[in-house]
Structure formats: C-alpha cells, structure tokens
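A.B. asks: return atomic coordinates for the entry below.
(one chain, ligands or ions: 1)
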Amino acid sequence: METWQKQLSQSVTKVKDLPFLPDLSGEYKEKLEKIAKKFPIRINSYFLEQVKSTDDPLWKQVVPTLEEMDDWLEDEDLQESDPLNEEGDMPVPELVHRYPDRVLLMLNNQCPIICRFCTRKRKIGFPGIVTRETLRQGIEYIRDHPEVRDVIMSGGDPLLVPDKELERILSELRSIPHLDIIRIGTRVPGTLPERITEKLCAMLKNFHPLYANLHFNHPAEITPEVEKACNRLADTGIPLGSQTVLLKGINDDPKIMRELVHKLLKIRVKPYYIYQADITAGATHFRTAVEKGLDIIRDLMGHTSGMAVPYFVIDAPGGGGKIRLLPNSVIEHNEREVIVKNYEGKVFRYPQPRKKDKVSVSPESAKHAPMCEMA
Ligand SMILES: *Cc1c(COP(=O)(O)O)cnc(C)c1O
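C.D. replies: Coordinates of the predicted model:
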C-alpha cells in the first residue's frame, strides 16, 4: 500500500491523464481542459483506483462534464461564486461566524479530491488564500469571543494539514478556556483513508472532546480501507457523523440512500445531514427538487433505525444558514388535540393536556385511537 502522501502526489489533475476517456474527440477533451482551468481537477490515486467506469458514482463526483461548462457560461447572474454568502459572515479572513456560539475555521484550501459540486469552489486551488496569518487571526478571534464554545475545523480539508502543524493548531485552540468542543469537517476518511494513521490518531487523542463530521455521498465509497480508517477514528474516541450532498444521478434515490446510511452505521458513522446541493457555479445539473430530499427522509423515517435517519437541510441562499426540513406529520392542531400521521400514513388523534378548570374528559375519548387509515 502506498503512503497517503504518495497517493496525493499521484493525483490526476489533467484531462489527458484521465482513464476511460481514450475515445473522446480532441474537441471534447479541450473543452474539459478549459473547465479544469476555471475549477481544477484533483483525483488522488486511491480514489481513482476505486472507479470502475465513467458511469461510476465516484467518477461523476470528480470529473467535469460539458454540462458543467454550459452552466458556467449560461447566465452570468446565476453564477454564484459564494452561494451561502460566507464572505459576508467573516469577521476575520477565513473564519465564518454565522451562528451565536460556534464558528467555522478554514485551515487550508486543499482537498484529497476536488468535488465538482463544491460550495467553496471560489477558494479551492488558488494559492495564498488560507495562510499562517489568517489562521493566527482566526484563533485570536475565537480567543477574544467567549461566546464561541464550538469550532469546526474546515477548509479545504483539515486532515491534509501535516501532523505537526495540526498538533500546533489544536494546542492553541485547546488553550482557549471557553472553547468546549472542537469538530473536524473532513472528506479524508472516505477518500484518502491511508491518511488516518495510528500516529495521527495518537496525536488527536490528546485534544478531546473532539468530534468529526465526514463526507460520504454513495455506498460505493465505503471500502475495506475506509472501514478501517473510520474504526480507527472511532477507537480514538471521536464520535463520527456523516454529511451527504444530495446529487442528481448519483444518490437521489431512496434505495441508494438507505444502503448508504446502513453501511455508515456499520462503520460506526452516524448519518448527520443530507444537504440539498447548493446553487454553486457549474453544478446546476446536480441539483434536485427539494421534494426529493423529503421523499428520501420519508422513506427512512420509521422504516429503519432512527439512528440511521439524517436531517435534511437546505442552506438558505445569501447566508440564512441551515434550515431543517421534515415531511409533514401534523395534519391539524388546536388547543384540544393534534391530528398526526405516522410513518405508514395512518392518522391519529393526540389529545393535548386539559386545563384544570375545564370540564374533564373521559379516559375513553383521550385514547390514542386511530381515526382512519390512509393509503
Ligand atoms: C454548518 C455550519 C456550522 C455548524 O452547524 P451545525 O448545525 O451546528 O452542525 C457552523 N458554521 C457554519 C458557517 C456552517 O456552515
């Protein structure tokens, strides 16, 4: 097995080096190369080895298509470079403070693979954005803001930071008394699992309480190597969550999502969020109707372990933050009762607590009796 550094240095970054494309016309390849100039390609050698064909869900996440090109060019106004207006919530460079008690700190702008639907593509692959100095300012900001009790180390991907440097950053964060928890937001365990070395884990262990949210979009990403990496992180005592981006033609199917969440629980990763794909330049062809996410949640809720059901989230454009959406379960409510629907579509009356001075109701009418059945 190659080291992770080697797997990363052997990344494919040019269209001409992509396998499976030998028959395509020079013109097609030229167009793809043009896209790669706007938004780089990176597929590390571990990830590429998992790809079976151009229909592969892994391939589709990392290789540009003509649709991506068309989307960049179609309508300048629609070309969102910062769909969540993160720049508008940065009190210091590369630190997003959007919610009252937690911040997102970017440690770098390097990733183990580059996802075509990246919400932060404005930063990826440009040198000199995240620097020692921006990091220093970010940590100082957290030190100066006692309301911040939770920091999410993000990027880029924080687990591509070398051990020594990561240790230095974690030490500095841990010297801030009001900071309760440190979270790691990373796609490394699923896309460059060799990076999760025993040495890294031994170092991380010194900085608890640590949490990690990983990024998985398809069950095919869960290989024996990935399982080993996740188990190793879990054995280090880091609770693991997963964030998934809902992607048309890749995972917008309740059957695939069910397989994904079941496989995740088996490798000790709790599904946390499913995100509606953001309105980011060059990624319109990945977007699904909002109902699709609700369909997937409806398919999971009650039908499988509650532990397996993530929250479906849309990130409000312009910086409104995450908003959780749920399939409707309340049909009607008033001060006497709520009328609710269970996972099978059966409808129930649920009585509210009665006020003491009101006429008491007989136990009979307060029973949770099914009212009617729905198809
Ligand atoms: C997602 C996010 C967080 C964390 O949100 P949680 O719901 O607490 O997981 C914090 N800051 C920013 C800017 C985010 O996008």
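
A.B. asks: rest of the way, CA atoms for contacts and neighbours
C.D. replies: Will do.

A.B. asks: my guess is residue 315 is in a helix, correct?
C.D. replies: No: per DSSP: H, G, I helix; E, B strand; the rest coil, residue 315 lies outside any helix segment and is strand.

A.B. asks: now do the strands in the protein.
C.D. replies: If DSSP state E is used as the criterion, the strands of the chain fall at 95-99, 102-106, 150-154, 181-186, 210-215, 240-246, 269-276, 311-316, 321-325, 330-333, 337-341, 347-351, 370-372.

A.B. asks: so what touches the first one?
C.D. replies: The reference is to strand 95-99. 86-87, 89-91, 103-106, 138, 319, 321 (C-alpha atoms under 8 Å, 6 or more residues apart in numbering).

A.B. asks: in TSV, list these along with neighbour count and distance to the ligand.
C.D. replies: Formatted as TSV, the contacts of strand 95-99 follow (neighbours: other C-alpha atoms under 10 Å; distance: C-alpha to the nearest ligand atom, whole Å):
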residue	neighbour count	distance to the ligand
86	18	7
87	15	10
89	16	8
90	17	9
91	14	12
103	21	5
104	23	5
105	25	9
106	24	10
138	24	13
319	16	9
321	16	7
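
A.B. asks: so how far is the ligand from residue 264?
C.D. replies: 18 Å (C-alpha to the nearest ligand atom, to the nearest Å).

A.B. asks: any idea what the closest residue to that residue other than its chain neighbours is bridged to?
C.D. replies: Leaving aside its chain neighbours, residue 264 sits nearest to residue 270 (6.6 Å; criterion: C-alpha to C-alpha, 6 or more residues apart in numbering). Under DSSP bridges, the beta-bridge partners of residue 270 are residue 241.

A.B. asks: residues from the stretch 51-200 of the chain in reach of the ligand?
C.D. replies: 96, 98, 102-104 (C-alpha under 6 Å from any ligand atom).

A.B. asks: one more time with 8 Å, if that's ok
C.D. replies: 86, 89, 96-99, 102-104, 151-152 (C-alpha under 8 Å from any ligand atom).

A.B. asks: how about the helices in this protein?
C.D. replies: 4-9, 26-38, 45-50, 57-62, 66-74, 132-144, 163-174, 188-191, 198-204, 224-235, 254-266, 290-300 (DSSP state H).

A.B. asks: before we move on, the earlier item: measure the residue nearest to residue 264 to the ligand for me?
C.D. replies: 13 Å.

A.B. asks: so who does that residue touch?
C.D. replies: 240-242, 261, 264, 307-308 are the contacts of residue 270 under C-alpha under 8 Å, 6+ apart.

A.B. asks: run the last query once more with 10 Å
C.D. replies: Residues counted as contacts of residue 270 (C-alpha atoms under 10 Å, 6 or more residues apart in numbering) are 213-214, 239-243, 261-264, 307-310.

A.B. asks: swap in residue 342?
C.D. replies: 301-302, 328-330, 348.

A.B. asks: apply 7 Å and report the result again.
C.D. replies: residue 329 (C-alpha atoms under 7 Å, 6 or more residues apart in numbering).

A.B. asks: same question, residue 176
C.D. replies: residue 143.

A.B. asks: ok, back up a step: what's the closest of the strands of the chain to residue 124?
C.D. replies: Residue 124 lies closest, by C-alpha to C-alpha, to one member of the strands of the chain: strand 102-106, at 11.6 Å.

A.B. asks: counting by contacts, list what that closest one packs against.
C.D. replies: Under the contact criterion of 3 or more C-alpha pairs under 7 Å, 6 or more residues apart in numbering; DSSP states H and E, strand 102-106 touches strand 95-99, strand 150-154.

A.B. asks: may I see those organised as a markdown table, with mean pLDDT added?
C.D. replies: Formatted as a markdown table, those follow (pLDDT from 0 to 100):
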| stretch | mean pLDDT |
| --- | --- |
| strand 95-99 | 97 |
| strand 150-154 | 98 |
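
A.B. asks: now render those strands as JSON lines, adding mean neighbour count and distance to residue 26.
C.D. replies: Conversion of the helices and strands packed on strand 102-106 to JSON lines gives the following (neighbours: other C-alpha atoms under 10 Å; distance: least, C-alpha to C-alpha, whole Å):
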{"stretch": "strand 95-99", "mean neighbour count": "20", "distance to residue 26": "42"}
{"stretch": "strand 150-154", "mean neighbour count": "21", "distance to residue 26": "38"}
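
A.B. asks: surely residue 210 meets residue 181?
C.D. replies: Yes: between residue 210 and residue 181 there is a contact at 6.1 Å, judged by C-alpha atoms under 7 Å.

A.B. asks: many thanks, have a good one.
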